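1. Fold the following.
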Amino acid sequence: MFGNTDVPVYLFTGFLESGKTTCIREVIEEGNFTDGKRSLLILTEEGEEELDEMLLRTNKIDVITVENENEFTELVCLHNAKKYRSDRVVIEVNGMWSLDRVYNEVLPENWVVIQTFTTVNAQTFDMYVNNMKSILMSHFQMADLVIFNRCTSDMDKPSMRRKVKGINRMAQVMFEAEDGSVENNIEEELPYDINASEITLEDDDFGLWYIDVTENPERYTDKTITFKGQVYRSDNFPSGTFVPARAAMTCCADDIQKIGFLCHADAAELLDKDEWVTVSVHVKPEFNPQYQQMYPVLWADEIKKAEPPEEEIVYFS
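-> A predicted model of the protein is given here:
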């Protein structure tokens, strides 16, 4: 771990009593740390659950606790990793601490985040959405896997899933019932016929389509999709391309951003920035090296000027 050797880091985020410690224990019990390497577990708050000392000892996991955010520094990380000769690091992050600070100021340069788990107590989810939405959404933004635990059958899981996907379309979302059973394939009820060869999106349908085509681009291969978008171009776009975009509110009014997919069109350079157009496109998924998976790319069949939709902002609630 010394010198320039990369140190793998696993982050577990979420509010107090969201199930972070339970998630860490399950990851350990599944045998993920049985390779003989030493692990450093950094705890940043004291929750109700505690990890069994025998489980930690058997898996060569050393534990330190840093309960003050200002004391959680790069120097503390380096000192303890050297002290315990750690080969990897697991951090249970206090849900009220700044994840941006952890990523940009605390983690040493050669500490590489391999995976970020975010746990959510489904029974208190609405309360946090209503009172601490910006903090909660920052957790989703960083997550590779979001786990809603303590779920009940009457909960609106598609809506919960959309709130995550609206922030981080690449995050996996899993739902765990109170009995421990897991459900990770929550089917969204789409407002259009997915089996049709031609699909016309209503203005309010764009958000659902955007999430579904990101996750399942193969469903839309060579289908013709017609929708309304606003012309967005950047200097670093390839010639003959633009994005028919919509403005989406992922957290609050101060957090509106353009979303959409690159579209190939012969007339791309002739389009005026921010003008509204109705596009008919066909979808051709391509492998995206950034996301390491297939990703939707659009090819324009027709572009027509259009009036703005009655509601210009896309919501994911």
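
2. Kindly provide the distance from Tyr10 to Asp212.
-> 29 Å (CB to CB, to the nearest Å). To be clear about C-beta, it is placed using only N, CA and C from the backbone, and glycine gets the same treatment.

3. how about the CA coordinates for stretch 35-46, as PDB?
-> Extracted in PDB, the C-alpha atoms of stretch 35-46 (Å, rounded to 0.1, in the frame of the first residue of the first chain):
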ATOM      1  CA  ASP A  35      -8.300 -13.000   0.500                       C
ATOM      2  CA  GLY A  36      -5.900 -12.700   3.400                       C
ATOM      3  CA  LYS A  37      -5.300  -8.900   2.900                       C
ATOM      4  CA  ARG A  38      -5.600  -6.400   5.800                       C
ATOM      5  CA  SER A  39      -8.500  -4.000   5.800                       C
ATOM      6  CA  LEU A  40      -8.900  -0.700   7.700                       C
ATOM      7  CA  LEU A  41     -12.500   0.100   8.700                       C
ATOM      8  CA  ILE A  42     -13.000   3.800   9.500                       C
ATOM      9  CA  LEU A  43     -16.200   4.500  11.400                       C
ATOM     10  CA  THR A  44     -17.400   8.100  11.600                       C
ATOM     11  CA  GLU A  45     -20.400   7.700  13.900                       C
ATOM     12  CA  GLU A  46     -21.800   5.400  16.500                       C
END
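
4. can you pull the contacts of Lys258?
-> Gln230, Tyr232, Val243, Ala245, Arg246, Ala247, Ala248 (CB atoms under 8 Å, 6 or more residues apart in numbering).

5. lowest-pLDDT helix or strand in this structure?
-> strand 182-183 (a mean of 86; mean pLDDT, DSSP states H and E).

6. what comes into contact with that one?
-> Contacts of strand 182-183 (CB under 8 Å, 6+ apart): Cys151, Lys157, Met174, Phe175, Glu176, Ala177.

7. Can you pull the phi/psi pair for Val7?
-> Dihedral angles of Val7 (phi, psi; degrees, to the nearest 10) stand at phi -110, psi 120.

8. Let me know the pLDDT of the closest residue to it other than its chain neighbours.
-> Distances taken as CB to CB, 6 or more residues apart in numbering place Trp111 nearest to Val7, at 4.8 Å, with adjacent residues excluded. Each residue has a pLDDT score; the one for Trp111 is 97.

9. Could you give the number of residues near Trp111?
-> Using other CB atoms under 10 Å, Trp111 has 21 neighbouring residues.

10. Tell me which residues touch it, please.
-> Contacts of Trp111 by CB under 8 Å, 6+ apart are Asp6, Val7, Val9, Cys77, Val89.

11. and what of Glu286?
-> Taking CB under 8 Å, 6+ apart, we find Glu286 in contact with Met294, Tyr295, Val297.

12. let's see 10 Å
-> For Glu286, the contact set (CB atoms under 10 Å, 6 or more residues apart in numbering) comprises Pro217, Leu262, Met294, Tyr295, Pro296, Val297.

13. how about low-confidence regions in the stretch 151-300 of the chain?
-> Where the stretch 151-300 of the chain drops to pLDDT under 70, the residues are 184, 250-254.

14. The same query, at a cut-off of 80, please.
-> Within the stretch 151-300 of the chain, the stretches with pLDDT under 80 are 184-188, 250-255, 290-291.

15. any chance you could read off phi and psi for the residue in the chain sticking out farthest from the centre?
-> Going by CA atoms, centre = their mean, the residue of the chain most distant from its centre is Leu270, 34.7 Å out. Dihedral pair for Leu270: phi -90, psi -10, per degrees, to the nearest 10.
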